[in-house]
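> Sequence plus predicted model, see below.
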Amino acid sequence: MGVYDSGKIIKNARISSGLTQEQMSENICSVVALSNIENGKIGVSPLTFSLLMNRAGINKEAYPFFENIGDFKTFLSINHARFYINHWKNDLAYSALKDIEKRDFNHNKFYYQEFLLLETFYQLRSGSDRYDELISRLKVAVGITHPDFDYTNLQKAILSPTDLECLLLISYIYLIRNKNEDFISLCSQIKTHLDHMQLTGKKMIQIQLLYMVIYGSYLLGQNDYDAAYEIAEKGRSISLYNNLHAYLFECTLIYGLSMYMKRDKNKEQALQYINSAIYSAAALDSPILSKMMNVLKEYDISLSFELSPNTYMPKALFKMKDISGFRDGSFDIYGKDVLPVGKLISVLRKEQNITQQTICQGLCSKSKLSKIENGTQDGDILLVCSLLNRLGYSESIFDFFGTPNEEKYFSLLPYLSTSHSFHSEEYLNHLDALKTLGETHPLMMQSYYLYLAGSKDDIEDRLKTYNSALNISLPNFNISKIRSFRLSTDEISILLGITHELTNKSHCDEAFYYFSQIDNYIKENNPDILLIFRFYPIVKSILIRYKYTEKMVGMMSNAIEDQSNYDTCSYFLGSLSTLCYYYARYYKDNLSDDSSCLMFSKYSNYAKALTFIMDDYKNYEVIKKHLEYPK
């Protein structure tokens, strides 16, 4: 799969779906532009590429291919805004939206469409009641791809993921305003579209979850507890399997309340789910907490530990933009500033003053990297992903259009990276599939060893397996010289695995040295948030565990006072659960006044809720036992 094949991919997708160029390009770009894209005469931005592929019924991205560095930075900020919204970081989301506006949307009408959608998400998640203005903005966004859109008849419309999200938010506002007829009319049509779409990928999964939360809320309000229970149960399962926690709290609350109201269900168990949703939202200081607590009042349900949710005031709406002069995302492929993936790697590398040798060591030869950067040779997807990682950027914002093996590889990772059932049949089946793929590519084999380690019972076997994984790309790695390296996500995960096993062997001083070196590496290189959140919360939470178990009372006290530890861990529920557990243990050991008792109760409730909401029932029982209030 080549860097310059996006036009060929689009053409093949169009022909396979039976679309003419006129049908494919309608309201996206001109027929002439599409013809030139297909023939390789002009380039296409990632968002426009995605729209064209969605039109053909295929939800894939090609290699990243940008008009200029401003195009890349705008695209990155859009992904930052979505990421922060999904993680309930509203202030950071607003800052990312401001950055997109400051870049004038790179004069790309589809970037502006995405911006209007994300701004509405931000406003609704901040408790905004500017419903008329928000619906107006969402309709402007839909109008960018469908100028004469008929909201009463969606059957013939060809909708992109962004269109669907806009329509779902419109239906949600109808629901909030008790316009049930409008809600049912629109929501049922959206459901028909979702049922007939063949698209896959993380964004489509998020759209399915958004629908489940919105429709599940409606069913709960209509006292249809059986249907609400069923849809919320499915939503929870999808959220946990795909490690997508944006809608987990809401799905769990609907699940718990519908269980509570069903006559044949266990009310005590239902209250556990309800409490886990509420206290997990509180642990993340989520703006949705107030709304969730108001819902509890409707059912006359009280909490064991009283909460005082913060009041959020959404910031002002951005000024609407005249986009009549904006482009459609197509551009001259031979422009001097155009960035195919190789040139993007080169630009990012030079921005950070990193040598080719540093970035490519253990992955490919310096000569091959030069050819990739110069566009005379293509790199396979795994190589490109590792190079981007080493530059501090996540590959997750791109769904690369790859070979069947590459697609299979990426489909295995969400489960393997989040499951703790290392000896389950499902985990071992995923491992076997990854091992087969590993025989075709060294970086796939590295991932296999990384996840194989968890299934080993013996500490020495796990350490040996982690080292086998590291030796594939960095055979001469020395932790004391970590600052002379640049590391991929898998390489950092391997080092964290080694460090964890050192603590299990009671080699605590060596483990602490590893963690300190990794922590310093991250602080010095400052990777992008879309990359760092995948491993930095783990570093922070295990450092907290180390300080507690080694009875470093002073360091533990300082760690609790340092809000950045909590903020970092809040990006990953498992890490936040660990941190809250050891914070609670610390306060339990030092109960001296009402304040310490309050802090113990708070962190104890957070730790139990976060563990329970992730269906980690075994650890939940352990945590519950250890955090019993002292008699």
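Cool, the structure landed. Residues are numbered from 1 along each chain as shown.
> The protein: strands as residue ranges?
For the chain, the strands defined by DSSP state E cover 42-44, 330-332.
> which of those is buried the deepest?
Among the strands of the chain, strand 42-44 has the highest mean neighbour count (mean count of other C-beta atoms under 10 Å), at a mean of 25. Every C-beta, even on glycine, is put in place using the N, C-alpha and C of the backbone.
> Mind checking the pLDDT average for that strand?
The average pLDDT for strand 42-44 rounds to 73.
> ok, now stretch 413-429?
What stretch 413-429 shows for mean pLDDT is 87.
> Just the C-alpha atoms of that stretch, please, in CSV.
Provided in CSV are the C-alpha atoms of stretch 413-429 (Å, rounded to 0.1, in the frame of the first residue of the first chain):
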residue,chain,number,x,y,z
LEU,A,413,-5.1,-4.7,19.7
PRO,A,414,-8.1,-3.0,21.5
TYR,A,415,-9.0,-6.3,23.3
LEU,A,416,-5.4,-7.4,24.1
SER,A,417,-4.4,-3.9,25.4
THR,A,418,-7.2,-3.7,27.9
SER,A,419,-8.0,-7.3,28.9
HIS,A,420,-6.7,-8.7,32.2
SER,A,421,-8.1,-12.2,31.5
PHE,A,422,-4.7,-13.4,30.4
HIS,A,423,-5.6,-17.1,30.6
SER,A,424,-9.1,-16.9,29.1
GLU,A,425,-9.9,-18.7,25.9
GLU,A,426,-10.7,-15.4,24.2
TYR,A,427,-7.3,-13.8,25.2
LEU,A,428,-5.4,-16.9,24.1
ASN,A,429,-7.2,-17.0,20.7
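> Begin at 326 from now on, thanks
Got it, the first residue is 326 from now on, which makes the last one we talked about stretch 738-754.
> how close does residue 790 sit to residue 584?
Residue 790 sits 41 Å away from residue 584 when distances are taken as C-beta to C-beta, to the nearest Å.
> picking that back up, would you turn the strands of the chain into CSV with distance to residue 937?
Supplementary listing: these in CSV, determined by distance: least, C-beta to C-beta, whole Å:
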stretch, distance to residue 937
strand 367-369, 46
strand 655-657, 50
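> Identify whichever of the ones you listed lies nearest to residue 514.
Comparison of the strands of the chain against residue 514 by C-beta to C-beta identifies strand 367-369 as nearest, at 29.9 Å.
> Describe which strands the closest one pairs with in its sheet and in which direction.
strand 655-657 (antiparallel) (DSSP bridges).
> What are the contacting residues of the partner strand?
Under the criterion C-beta atoms under 8 Å, 6 or more residues apart in numbering, residues 354, 358, 361-362, 367-370, 373, 392, 663 lie in contact with strand 655-657.
> Kindly report the same for stretch 344-353.
Residues from elsewhere that reach stretch 344-353 (C-beta under 8 Å, 6+ apart): 335, 339, 356, 358-360, 363, 373, 376-377, 380-381, 469-472, 483, 653.
> Show me how to select, in PyMOL, the buried members of these.
In PyMOL, this line selects whichever of the contacts of stretch 344-353 come out buried by 16 or more other C-beta atoms under 10 Å:
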select buried, resi 335+339+358+359+360+363+373+376+377+380+381+469+470+471+483+653
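> residue boundaries of the helices in the stretch 776-925 of the chain?
Using DSSP state H, counting those that start in this stretch, the helices assigned to the stretch 776-925 of the chain run over residues 784-798, 814-829, 833-850, 854-857, 861-874, 878-886, 888-894, 898-914, 919-938.
> Rebuild those as a markdown table, extending it with distance to residue 638, mean neighbour count and mean pLDDT.
Shown next, in a markdown table, are the helices of the stretch 776-925 of the chain (distance: least, C-beta to C-beta, whole Å; neighbours: other C-beta atoms under 10 Å; pLDDT from 0 to 100):
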| stretch | distance to residue 638 | mean neighbour count | mean pLDDT |
| --- | --- | --- | --- |
| helix 784-798 | 48 | 18 | 96 |
| helix 814-829 | 37 | 22 | 91 |
| helix 833-850 | 33 | 16 | 90 |
| helix 854-857 | 24 | 20 | 94 |
| helix 861-874 | 28 | 21 | 89 |
| helix 878-886 | 27 | 15 | 91 |
| helix 888-894 | 21 | 16 | 95 |
| helix 898-914 | 25 | 23 | 95 |
| helix 919-938 | 24 | 21 | 95 |
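> just so I know, which of those helices lies nearest residue 574?
Comparison of these against residue 574 by C-beta to C-beta identifies helix 919-938 as nearest, at 7.5 Å.
> got the contact list for that closest one?
573-574, 577, 597-598, 600-605, 607-608, 629-630, 898-899, 901-902, 905-906, 908-909, 912-913, 915-916, 944-945, 948-949, 952, 954.
> starting at the chain centroid, how far to that helix?
26 Å (C-alpha atoms, centre = their mean, to the nearest Å).
> Now do that helix and helix 898-914, the angle between them.
With axes from the mean of the first three to the mean of the last three C-alpha atoms, to 10 degrees defining the directions, helix 919-938 sits at 150 degrees from helix 898-914.
> What about the contacts of stretch 344-353, which are in helices?
The subset of the contacts of stretch 344-353 located in helices under the criterion DSSP state H comprises 335, 339, 356, 358-360, 363, 373, 376-377, 380, 469-470.
> Check those against residue 809 and report the nearest one.
The shortest gap between residue 809 and any of the ones in helices among the contacts of stretch 344-353 belongs to residue 373, at 40.1 Å (C-beta to C-beta).
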